[in-house]
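Participant: Dropping the sequence and predicted coords here.
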Amino acid sequence: MPIRILGLYWKSYIDFFDDLNVKLDNWKYVSSLPKRYKEYIKENNIKDHNNNWLYYVDEFCQDSLRDIYFDKDCKVSEIIIRRSDDDVRDYENNNYTYQKIVDGRLVDVPLARTSYNRRFPQYYVDIEQIYIFYHRAALIACETIQSMTGMRLSESNIIKFGALIDENGWVGVKSKLFKYAGEGGVEEWWAASPYIKIVFSKVRGLAKALFNVEEDELDYLYIKTDARHFITHRKFRLMKTQRNSEKVMNWTERNNIYITEEDTEEFWKLNPNIAEPEYVESVIYPGAKWPVTPHQFRRSIAVHVRRLELVTMRQLASHLKHLGKTLADWYSDGSTESSMLTGKISSAFAKELERADLERAATMAMKFQNGNNLFGRGGEILEKQKHVDSKLKTYQSYQQAKSLAKRRKSKLVSLGNGMYCMNGTECDFKAVSQSANCRPDCENLVADKDSIPIWKRRYEKFRLLYLQSIEDGKPEASREFFRLEMESYKQALEFYGIIL
């Protein structure tokens, strides 16, 4: 999915939990009502019937439910129903009506006389709404974790409360990988955004009160523990129905996640070789809802990380930390701190990232192979191949370019400065610390005008550093480093007629 769409999904999940303000005393009271009601009917030897529930709520719960209803700073107030004074009065006078569709019209219908023997509490809560309140929070929690880690749906469905990892600034989530794994699965560790800690904290408070367990016991429960089954049978089990927020809450429309013209352009730029393009065009177009699927999050994270060059494979394998609300904050580049977590990165995500890396390399290779006015000696060589037989070209097709990258032959690799190396896996300067080391006359160096904004920013950055180094009286070597960097970007810009 385009980066703007990915950001909107992240924002929608963050907004949900930022808005999920729950006063635990209120939630404890409401979530304990089903259990207390069962104790009441058992003590009085009466049946579990709706009439008895209405009586119980009316007789014993009105003051507390009223207080919760008017506590609008608490999200639990939304599941308390308040009947108006007029409705209560009409019911007491046997004049109550309710609205019903009759012959296609909404009309007021008198309540049947036999119904007036029931209690009519002014403040009321439906037991089903208690289940739904928790289930939706658990559902969105697991989806949030999935969207911010790249887990598969099957792995996010079985996250337990004790799965959060928070060590020395490194935030992660433990889950079980079952695909291609042996019996019982394999434990996987996923890097996650620090916001995940808020998600765990909020849903953990709901679960602790609802299931009435101690903190250490809660660690072993699934976030998606079935509240309805627990209250009915006093037994823990995973929810059987694993619906997503799109089906349950119409999430994309509810959060106004619609496709723009820019989104479609970015999508096709990122997916030029997608299968079934006709079908994709029928669902991805300006004005349409984004057709979200669970797998898209891991795929999108991997693609954008590689596209924006936010992390190298080595850095990812070493340490993932400090993930933020925007993609630019997702992966910090340069952390080599010692940690027991080093290397404990999900193999599933690493494979997805590698796949995205190969596709990115092949896409950029074909862009340059078919490009015009390319910078660098490598670019000149590619342009000379434009009219020769495809078998004589460096990159003959997308699939061949991808195969070369996979076999580490002529793999196009970004140098991180707007320039690319066609021999990136073997180049002596693949870890570029000084752009000036990569000469334009190198037969593997290539770039195009799309890099102009990068070069402008870098030129200005090193120009200011160079002037500051002179003003501060820095050693000659430091000043020369900044000058050479500045000159390398100036040379690239002048190639495209930009004189600074």
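Facilitator: Perfect, thanks for sending it.

Participant: R237: what's it in contact with?
Facilitator: Applying CB atoms under 8 Å, 6 or more residues apart in numbering, we find R237 in contact with 225-226, 229-230. No exception for glycine: its C-beta is placed from N, CA and C like everyone else's.

Participant: go with 10 Å
Facilitator: 222, 224-226, 229-230 (CB atoms under 10 Å, 6 or more residues apart in numbering).

Participant: quick one: the strands in the stretch 301-450 of the chain?
Facilitator: Taking DSSP state E, counting those that start in this stretch as the criterion, the stretch 301-450 of the chain carries its strands at 413-414, 420-421, 445-446.

Participant: Now mean neighbour count too, for those strands, in JSON lines please.
Facilitator: JSON lines is the format used below for these (neighbours: other CB atoms under 10 Å):
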{"stretch": "strand 413-414", "mean neighbour count": "22"}
{"stretch": "strand 420-421", "mean neighbour count": "26"}
{"stretch": "strand 445-446", "mean neighbour count": "26"}
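
Participant: which residue packs closest to V107, ignoring adjacent ones?
Facilitator: By the measure of CB to CB, 6 or more residues apart in numbering, the closest residue to V107 outside its immediate chain neighbours is K100, 6.4 Å from it.

Participant: circling back to that earlier point, who wins on neighbours among the contacts of R237?
Facilitator: K224 (24 neighbours; other CB atoms under 10 Å).

Participant: residues touching that residue, list them.
Facilitator: K224 neighbours (CB under 10 Å, 6+ apart): 134-135, 138-139, 141-142, 156-160, 203, 237-242.

Participant: how about a cut-off of 6 Å?
Facilitator: Applying CB atoms under 6 Å, 6 or more residues apart in numbering, we find K224 in contact with 138, 238-239.

Participant: Now for the residue lying closest to it once chain neighbours are set aside, how many residues are close by?
Facilitator: Nearest residue to K224 in three dimensions, chain neighbours excluded: M239, at 4.7 Å (CB to CB, 6+ apart). Neighbour count for M239, taken as other CB under 10 Å: 19.

Participant: Now tabulate the strands of the stretch 301-450 of the chain in JSON lines and tack on mean pLDDT and distance to S84.
Facilitator: Compiled in JSON lines, the strands of the stretch 301-450 of the chain are given as follows (pLDDT from 0 to 100; distance: least, CB to CB, whole Å):
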{"stretch": "strand 413-414", "mean pLDDT": "79", "distance to S84": "65"}
{"stretch": "strand 420-421", "mean pLDDT": "86", "distance to S84": "69"}
{"stretch": "strand 445-446", "mean pLDDT": "90", "distance to S84": "73"}
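
Participant: can those go into JSON lines with extra columns for distance to S469?
Facilitator: Shown next, in JSON lines, are the strands of the stretch 301-450 of the chain (distance: least, CB to CB, whole Å):
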{"stretch": "strand 413-414", "distance to S469": "28"}
{"stretch": "strand 420-421", "distance to S469": "28"}
{"stretch": "strand 445-446", "distance to S469": "27"}
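
Participant: re the thing from before, give me the subset of the contacts of K224 that lies in helices.
Facilitator: A138 (DSSP state H).

Participant: Pick out the residue nearest the middle of the chain.
Facilitator: When CA atoms, centre = their mean is applied to the chain, the residue found nearest the centroid is S147 (2.5 Å).

Participant: Excluding sequence neighbours, find me the nearest residue to that residue.
Facilitator: Excluding the flanking residues, the one nearest S147 by CB to CB, 6+ apart is F297, at 4.5 Å.

Participant: which residues of this protein score low on pLDDT?
Facilitator: Residue ranges of the chain with pLDDT under 70: 95-96, 98, 111-117, 177-185, 241-243, 306-353, 425-437.

Participant: Domain parsing of it, as residue ranges.
Facilitator: As assigned by automatic domain parsing, the chain contains the domains 20-125, 451-495.

Participant: Pick the most deeply packed of those.
Facilitator: Of the domains of the chain, the one with the most neighbours on average (mean count of other CB atoms under 10 Å) is domain 451-495, at a mean of 16.

Participant: And it, how far out from the chain middle?
Facilitator: In terms of CA atoms, centre = their mean, to the nearest Å, the centre of domain 451-495 is found 38 Å from the chain centre.

Participant: circling back: am I right that the residue nearest to V107 sits in a helix?
Facilitator: No. Per DSSP: H, G, I helix; E, B strand; the rest coil, K100 lies outside any helix segment and is strand.

Participant: thought it was touching L106?
Facilitator: No. Counting by CB atoms under 6 Å, L106 is not a contact partner of K100; they are 7.4 Å apart.

Participant: Just the helices from the stretch 201-350 of the chain, written as ranges.
Facilitator: For the stretch 201-350 of the chain, the helices defined by DSSP state H, counting those that start in this stretch occupy 215-218, 227-233, 245-249, 251-254, 261-270, 277-283, 296-307, 313-318, 347-369.

Participant: residues making contact with the third one?
Facilitator: I take that to be helix 245-249. Contacts for helix 245-249 (CB under 6 Å, 6+ apart): 140, 143, 251.

Participant: Excluding sequence neighbours, find me the nearest residue to K235.
Facilitator: Ranked by CB to CB, 6+ apart and with sequence neighbours excluded, the top spatial neighbour of K235 is H229, at 6.5 Å.

Participant: Quick check: the gap between the one you found and Y40.
Facilitator: Look at H229 and Y40: by CB to CB, to the nearest Å, they are 21 Å apart.

Participant: Dump the domains of the chain to CSV, plus distance to V199.
Facilitator: Shown next, in CSV, are the domains of the chain (distance: least, CB to CB, whole Å):
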stretch, distance to V199
domain 20-125, 9
domain 451-495, 35
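
Participant: For W290, find the nearest of those.
Facilitator: When the domains of the chain are compared by CB to CB, domain 20-125 sits nearest W290, at 23.4 Å.

Participant: What's the end-to-end length of that closest one?
Facilitator: Start-to-end span of domain 20-125 (CA to CA, to the nearest Å) is 19 Å.

Participant: try stretch 110-126
Facilitator: Where stretch 110-126 begins and where it ends lie 22 Å apart, using CA to CA.

Participant: Spit out the contact partners of I223.
Facilitator: I223 neighbours (CB under 6 Å, 6+ apart): 138, 141-142, 159.

Participant: Let me have these in TSV, adding secondary structure as columns.
Facilitator: TSV is the format used below for the contacts of I223 (three-state DSSP):
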residue	secondary structure
A138	helix
A141	helix
C142	helix
I159	coil
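
Participant: Could you point out which of these is nearest to K269?
Facilitator: Distance ranking of the contacts of I223 against K269, using CB to CB, places C142 first at 31.3 Å.

Participant: For the closest one, the count of nearby residues, please.
Facilitator: For C142, the count of nearby residues is 26 (other CB under 10 Å).

Participant: how much space between the closest residue to it other than its chain neighbours and D19?
Facilitator: Spatially, and ignoring its direct neighbours in sequence, C142 is nearest to S156 (4.7 Å; CB to CB, 6+ apart). Per CB to CB, S156 is found 21 Å from D19.

Participant: what does the one helix or strand N51 maps to contact?
Facilitator: Assessed by DSSP states H and E, N51 sits inside helix 50-60. By CB under 6 Å, 6+ apart, the residues outside helix 50-60 that reach it are 37, 40-41, 46, 118-119, 121, 124.

Participant: Nearest to C442 among those?
Facilitator: Checking the contacts of helix 50-60 against C442 by CB to CB gives Y124 as the nearest, at 76.3 Å.

Participant: isn't the residue nearest to S147 right next to M148, touching?
Facilitator: No. Using CB under 6 Å, F297 is not in contact with M148, being 8.0 Å away.
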